[in-house]
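Participant: Need coordinates for the following:
(chains A, B, C and D)
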2 protein chains.
Amino acid sequence: MIDPQAGGLAELAQALADRTRAAVLLALLDGRAWTPGELARLTGVAPSTMSGHLARLTEAGLVAHTAQGRHRYVRVAGSEVAELVETLSSRLDRPLPPVTSLRTANRRRALAVARTCYDHLAGRLGVAVTSALVRTGRVDHTAGRPPVLTGAGEEWFAALGADLDAMATARRPLLRECLDWTERLPHLAGTAAAYLRTVAAERGWVVPVTGTRALRVTPEGEAALREHLGIGPGELTLT
Amino acid sequence: MIDPQAGGLAELAQALADRTRAAVLLALLDGRAWTPGELARLTGVAPSTMSGHLARLTEAGLVAHTAQGRHRYVRVAGSEVAELVETLSSRLDRPLPPVTSLRTANRRRALAVARTCYDHLAGRLGVAVTSALVRTGRVDHTAGRPPVLTGAGEEWFAALGADLDAMATARRPLLRECLDWTERLPHLAGTAAAYLRTVAAERGWVVPVTGTRALRVTPEGEAALREHLGIGPGELTLT
DNA sequence: GATTCCCTTCGGTGGTGACCGAAGCGTCAG
DNA sequence: CTGACGCTTCGGTCACCACCGAAGGGAATC
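Facilitator: Predicted coordinates for the structure are as follows:
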């Protein structure tokens, strides 16, 4: 065994190498905090089994816990973990053509149009917002460098109601690149992108599709996207 | 088990979830084709065991074989696989501070400065070349879009001796983004980037460090990088 | 054609881990 | 204080798989 990195790589992969743990991580990708009991019911295993899985995921640094009374809440350990899972999933679109049913095809289609990725927007919508922000000069995203807000971008976010000073003090970067597994293109993550998702949800631009991470863009949302960012409805349809 | 994607994700992770298979993939990241026997000796397992591992990696679509006489050559199935492994490794720099020995520390340092990633340049060198190509207007890399060669870039590659027409007909894209696991920034992959590595190797700008994927930049290489791309020697030192 | 070499396939073994039910512990409600 | 609830720990079972040595098949060499 020559390469010392192999051990670490295998260890990380082992944490993901189980149907139940993978399902847990995918469920947590909606950014919400779940209780162990909910996750056990979702995946169809006994609470004791789920407890073991969660211990394993915690040890691997993939999920984090928050104790609250007699409940315990589980969340993804950080945005990097969410991005890691998304990246891994992006390899699955190749050997996935055997669509099992119309229902799963529709679900996948909905996910591809717009969805939540941890705490920001993803899918066709996420990529469209990203390129619109660059196109309108609000984000500077030159190669080899992380994306940054321009002066115009700061004004725009402030007009939306964002407290950029408070957001900038967080350990997490304001903007960050995240590879979109359906679009195969980067979209924006980070506190500013998370704020954008919050605004979109609060103003009713998007509404969650119950039971999945998918989002539906409302007519008000389409109008707002056109008005604020110049995104036409054609940009959100799948080819 | 609600999410049908969980099965695929777990399956892919399982293929990586073994020390020996992980070591194989890391070895193959140098872009060369190895024989099963070489890989068995490298990892210290019996040939029969290695055969099973390779069958497993093949089934997962991670490696490909080429029969040649009584030898069989194994390579990484494609550049996406190499990028996937690099991305996964990028999560390892967090829990890796316990450096086991001076030797591994030096090896890691060498890998961080310059190395091969499948068939292109990576590490500090790869990122420096990437940003220099953008800085000098040879590559256009705006946000949300794959990187593309500009007219000036095409001329530059042609002057280096590249046959861009032939390269463009390949199924693989000319340029492509690849996340660098030491720099945490994208560097360029794709046929054009692969050609650049070939040129650098042929002209003696970089020489491989035997036994690893690391590269050493020669004095001629430093001169060429400054002359062709305006990369100063300071850009290749680690902070 | 026989030999050599590389690799695979085939039994057999040992260790790891996913799973469950039962029991234990802390927290909140009555 | 008592009961209900949510979660974890423990013991035990079963399947899977990493590993090896031995045997077999195909390709090059003599």
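Participant: Hmm, A:His120 and A:Arg197 touching each other?
Facilitator: Yes - applying Cβ atoms under 8 Å as the test, A:Arg197 and A:His120 come out as touching, 5.1 Å apart. C-betas here are computed from N, CA, C, even on glycine.
Participant: These two - which one has more neighbours?
Facilitator: A:His120 (27 against 23; other Cβ atoms under 10 Å in any protein chain shown).
Participant: Spatially central residue for chain A, please.
Facilitator: Centroid-nearest residue in chain A, with Cα atoms, centre = their mean: A:Cys117, separated by 1.1 Å.
Participant: wait, what's in contact with that residue?
Facilitator: Remark: with contacts taken as Cβ atoms under 8 Å, 6 or more residues apart in numbering or on different chains, A:Cys117 is in contact with A:Leu29, A:Ala82, A:Glu83, A:Glu86, A:Gly126, A:Cys178, A:Asp180, A:His187, A:Ala189, A:Arg213.
Participant: in chain A, which ranges drop under the pLDDT threshold?
Facilitator: By pLDDT under 70, the weakly predicted segments of chain A are A:1-2, A:68-70, A:90-105, A:107, A:143-145, A:169-172, A:179-185, A:211, A:238-239.
Participant: Closest one of the contacts of A:Cys117 to chain B?
Facilitator: Relative to chain B, the closest of the contacts of A:Cys117 is A:His187; by Cβ to the nearest Cβ it sits at 7.5 Å.
Participant: Distance check, that closest one against DNA strand C.
Facilitator: Using Cβ to the nearest atom of the strand, to the nearest Å, A:His187 is found at 32 Å from DNA strand C.
Participant: which residues does the closest residue to DNA strand D within chain A contact?
Facilitator: Residue nearest to DNA strand D within chain A (Cβ to the nearest atom of the strand): A:Gly37, separated by 2.5 Å. Applying Cβ under 8 Å, 6+ apart to A:Gly37 gives the contacts A:Pro47, A:Met50.
Participant: cool, A:Val63 as well?
Facilitator: Here A:Val63 is in contact with A:Val24, A:Leu25, A:Leu28, A:Leu54, A:Leu57, A:Val74, A:Arg75, A:Val76, A:Ala77, A:Val81 (Cβ under 8 Å, 6+ apart).
Participant: before we move on, what about A:Arg216?
Facilitator: A:Arg216 neighbours (Cβ under 8 Å, 6+ apart): A:Ala110, A:Ala114, A:Val206, A:Val207, A:Pro208, A:Val209.
Participant: need the next SSE after whichever strand or helix holds it, C-terminal direction.
Facilitator: Per DSSP states H and E, A:Arg216 falls inside strand A:215-217. Counting by DSSP H and E, the next helix or strand C-terminal to strand A:215-217 is helix A:219-229.
Participant: How about that following helix and chain B, touching?
Facilitator: No - Helix A:219-229 does not reach chain B (Cβ under 8 Å from any Cβ of the partner chain); its nearest approach is 12.7 Å.
Participant: which residues are contacting that helix?
Facilitator: A:128-129, A:132-133, A:136, A:156, A:200, A:203-206, A:217, A:231-233, A:236.
Participant: my read: A:Val45 touches A:Thr20, true?
Facilitator: Yes - counting by Cβ under 8 Å, A:Val45 touches A:Thr20, with 5.8 Å between them.
Participant: got any residues that touch both of the two?
Facilitator: Between them, A:Val45 and A:Thr20 share the contacting residues A:His53, judged by Cβ under 8 Å, 6+ apart.
Participant: coming back round to it: the residue of chain A closest to DNA strand D in helix, strand or coil?
Facilitator: helix (DSSP: H, G, I helix; E, B strand; the rest coil).
Participant: Could you list which of the contacts of A:Arg216 also contact DNA strand D?
Facilitator: Among those, proximity to DNA strand D is found for none (Cβ under 7 Å from any atom of the strand).
Participant: Enumerate the residues of chain A near DNA strand D.
Facilitator: Going by Cβ under 7 Å from any atom of the strand, the residues of chain A near DNA strand D are A:35-37, A:47-48, A:50-52, A:54-55, A:65, A:70-72.
Participant: Now rank those by neighbours and give me the top one.
Facilitator: A:Met50 (24 neighbours).
Participant: Contacts only, for that one.
Facilitator: A:Thr20, A:Val24, A:Pro36, A:Gly37, A:Leu39, A:Ala40, A:Thr43.
Participant: Between those, which sits nearest B:Ala162?
Facilitator: Nearest to B:Ala162 among the contacts of A:Met50, counting by Cβ to Cβ, is A:Val24 at 47.5 Å.
Participant: Just confirm that closest one contacts A:Ala40, I think it does.
Facilitator: No - using Cβ under 8 Å, A:Val24 makes no contact with A:Ala40, being 9.6 Å away.
Participant: the more surrounded of the two?
Facilitator: More crowded of A:Val24 and A:Ala40, by other Cβ under 10 Å: A:Val24, with 28 against 21.
Participant: Find the nearest non-adjacent residue to that one, please.
Facilitator: The spatially closest residue to A:Val24, leaving aside those adjacent along the chain, is A:Leu39, at 5.4 Å (Cβ to Cβ, 6 or more residues apart in numbering or on different chains).
Participant: Roughly how far does the one you found sit from A:Met50?
Facilitator: Distance, A:Leu39 to A:Met50, by Cβ to Cβ, to the nearest Å: 6 Å.
Participant: between these two, what contacts are shared?
Facilitator: A:Val24.
Participant: Verify the stated contact: A:Leu9 with B:Glu86.
Facilitator: No - using Cβ under 8 Å as the test, A:Leu9 is too far from B:Glu86 to be in contact (10.5 Å).
Participant: more crowded one of the two?
Facilitator: Between A:Leu9 and B:Glu86, counting by other Cβ under 10 Å, A:Leu9 is the more crowded of the two (24 against 21).
Participant: For that one, grab phi and psi.
Facilitator: phi -60, psi -40 (degrees, to the nearest 10).
Participant: A:Gly7 too?
Facilitator: Torsion angles, degrees, to the nearest 10, at A:Gly7: phi -60, psi -50.
Participant: mind listing what's buried in stretch A:200-215?
Facilitator: By 16 or more other Cβ atoms under 10 Å in any protein chain shown, the buried positions in stretch A:200-215 come out as A:Ala200, A:Trp205, A:Val206, A:Thr212, A:Arg213, A:Ala214, A:Leu215.
Participant: mind giving me the domain ranges of chain A?
Facilitator: Domain segmentation of chain A under automatic domain parsing yields A:5-77, A:83-236.
Participant: Can I get the ones you listed in JSON lines including distance to B:Gln14?
Facilitator: Shown next, in JSON lines, are the domains of chain A (distance: least, Cβ to Cβ, whole Å):
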{"stretch": "domain A:5-77", "distance to B:Gln14": "4"}
{"stretch": "domain A:83-236", "distance to B:Gln14": "12"}
